[in-house]
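Chemist: Next come a sequence and a model predicted from it.
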Amino acid sequence: MSAVFDFKPDPNAASPLYMQLAQSLASAIRDGVFHADEALPSERVLAEQLELSRVTARKAIDRLVEQGLIIRKRGSGNYIAPKLEQPLTRLTSFSEELHQRGFVPSSRWLLRGFTPAAPDEQLSLELKSGERVARLERLRLADSVVMAYEVSVLPQSVLPDPQKVEASLYTHLGDRAPVRALQHIRALNADAKLAGLLEVPLGAAVLFITRVGYLASGQAVELTHSYCRSDYYDFVAEMRRD
């Protein structure tokens, strides 16, 4: 157990002891006391070091598993999930967001090349019939864990050589990168292909995100479909009442 983690139960609190422990552990995880993929102490060790019952420790860990903060690996133990909280008010690339949060981003490329634009791509990017587009298909990883499957489509004039894209698409585009975007998010269940790519069970809940990126001139230059693991992704929006 990290010496930085300190749990002091409140005997006057209305919430049960296991909830207090779960909340304290969740705060420690979000504050970086425990890191992504780090093993959490076992229920026995947790109970002994904090002088609690194993039932309390088990129920607290169960709660964190339900919240997606901890992953149980059969025969191995409990590990901190590489959770990514992405704000909905800031336009950043996957790589930029991960770097800012201390993860190591990487991509596993599935396709980098040119294809004819599909009808929905023509519409979103305002292309002519038969026009070619640069197509990027890849798995997005954080600390070697698959987080998302992503398909990006851009006009050939914007991305003339897709083979040169290595890590961040927006960094590669430079002043041709979008400055604003419209994004739609909905839930779907993973089919066999998607489940295999994301390494999740068939039918698992997945966040499906469609984003159209625009230049300051209003020209649409990017259409990206992202299929994100719901156990690793949170989207955060701050709302104010006028």
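Modeler: Now that the structure is in, tell me what you want to look at.
Chemist: Please name the nearest non-neighbouring residue to E131.
Modeler: A117 (5.4 Å; CB to CB, 6 or more residues apart in numbering). Backbone N, C-alpha and C define where each C-beta goes, glycine included.
Chemist: Same question for Q156.
Modeler: With CB to CB, 6+ apart as the criterion, Q156 has its nearest non-adjacent residue at 5.1 Å, and that residue is R132.
Chemist: so that neighbour makes contact with E121?
Modeler: No - contact criterion CB atoms under 8 Å: R132 and E121 do not qualify, at 10.5 Å.
Chemist: can you pull out the helices in the protein?
Modeler: 17-30, 43-50, 54-66, 94-100, 119-125, 169-173, 192-198 (DSSP state H).
Chemist: Select the helix or strand of the chain having the lowest average pLDDT value.
Modeler: Lowest on mean pLDDT, DSSP states H and E among the helices and strands of the chain sits strand 84-87, with a mean of 59.
Chemist: The residue nearest to Q156: neighbour count?
Modeler: Per other CB atoms under 10 Å, the neighbour tally for R132 reads 14.
Chemist: for it, which residues make a bridge with it?
Modeler: Beta-bridge pairing for R132 (DSSP bridges): P116.
Chemist: same thing with the one 5 residues further on?
Modeler: According to DSSP bridges, L111, V151 are recorded as the beta-bridge partners of E137.
Chemist: Equivalent analysis for the one 5 residues further on, please.
Modeler: According to DSSP bridges, the residues that bridge with A142 are P105, V145.
Chemist: What does the pLDDT read for it?
Modeler: With respect to pLDDT, A142 scores 81.
Chemist: how near is R180 to A216?
Modeler: Using CB to CB, to the nearest Å, R180 is found at 8 Å from A216.
Chemist: before we move on, the earlier item: rank the helices of the chain by mean pLDDT and give me the bottom one.
Modeler: When I compare these, helix 94-100 is least confident, with a mean of 67.
Chemist: Show which residues not belonging to stretch 70-84 make contact with it.
Modeler: Here stretch 70-84 makes contact (CB atoms under 8 Å, 6 or more residues apart in numbering) with 29, 34-40, 42, 61, 64-65, 68-69, 97-98, 101, 103, 142-143, 145, 147, 231-234.
Chemist: gap between it and the chain center?
Modeler: Its chain's C-alpha centre and that of stretch 70-84 lie 16 Å apart, by CA atoms, centre = their mean, to the nearest Å.
Chemist: Kindly report the same for stretch 217-235.
Modeler: 10 Å.
Chemist: That stretch - what's its average pLDDT?
Modeler: Stretch 217-235 comes out at a mean pLDDT of 87.
Chemist: Test my guess that D10 contacts L21.
Modeler: No - using CB under 8 Å, D10 is not in contact with L21; the gap is 11.1 Å.
Chemist: the more surrounded of these two?
Modeler: Using other CB under 10 Å, the more surrounded residue of D10 and L21 is L21, with 24 against 9.
Chemist: The residue nearest to E131: neighbouring residues, count only.
Modeler: Neighbour tally, A117, other CB under 10 Å: 23.
Chemist: Same check on H184?
Modeler: If we define neighbours as other CB under 10 Å, then H184 has 9 of them.
Chemist: what does G32 give?
Modeler: Neighbourhood size, G32 [other CB under 10 Å]: 11.
Chemist: related to what we said a few turns ago, list the residues that contact the residue nearest to Q156.
Modeler: F114, T115, P116, A117, Q156.
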